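S.K.: quick check, what structure comes out for this input:
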Amino acid sequence: MTDFLNWITLHQQIIYIVILMVFVGIEIIGRVPSVLHTPLMSGANAIHGVVIIGAIIVMGKAEADNYLALILGFLAVVLGTLNVVGGFVVTDRMLEMFKGKKKK
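M.R.: Below is the predicted model of the structure:
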């Protein structure tokens with residue numbers, strides 16, 4: 001417990017910055033008009049490709065007996081892939097709404 005408290009004391013400024021980023025992010029996302037929400041979010045989901053690449057690098061550099069790194073890397077790859085695919089599916093569905101109706 002003492003080590004954890006020492007770590008918090010050493011990284012106090014970074015922790016404050018992360019907390020501030022969370023609140024700023026919530027405010028920014030909350031003020032996006034609903035018309036722009038879907039394209040912006042699907043674009044943001046596509047950025048998770050960077051997460052996938054980072055997770056693959058972590059898994060590749062992890063030692064064979066470091067199960068925590070391997071499990072977290074695998075979860076990051078799976079969840080990042082789901083987010084990327086979901087972003088493109090949402091974008092495709094949104095673009096389908098703007099296409100003209102086909103005549104029979």
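S.K.: which helices and strands sit right next to the helix or strand that contains Gly87?
M.R.: Assessed by DSSP states H and E, Gly87 sits inside helix 67-97. Contacts defined by 3 or more Cβ pairs under 8 Å, 6 or more residues apart in numbering; DSSP states H and E place helix 67-97 against helix 34-46, helix 49-61. From N, CA and C alone the C-beta is placed, and that goes for glycine too.
S.K.: in the last one, what's buried?
M.R.: Taking 16 or more other Cβ atoms under 10 Å as the basis for neighbour counts, the residues of helix 49-61 that come out buried are Val51, Ile52, Ala55, Val58, Met59.
S.K.: now the third one. Nearest residue, chain neighbours left out?
M.R.: Same thing as Ala55. Spatial nearest neighbour of Ala55, chain neighbours left out: Ala76 (3.5 Å); criterion: Cβ to Cβ, 6 or more residues apart in numbering.
S.K.: so which bits of the helix holding Gly87 are buried?
M.R.: Gly73, Ala76, Val77, Gly80, Asn83, Val84, Gly87, Thr91.
S.K.: list the contacts for the first one?
M.R.: Shown here is Gly73, whose contacts under the criterion Cβ atoms under 8 Å, 6 or more residues apart in numbering are Ala55, Ile56, Val58, Met59, Ala62.
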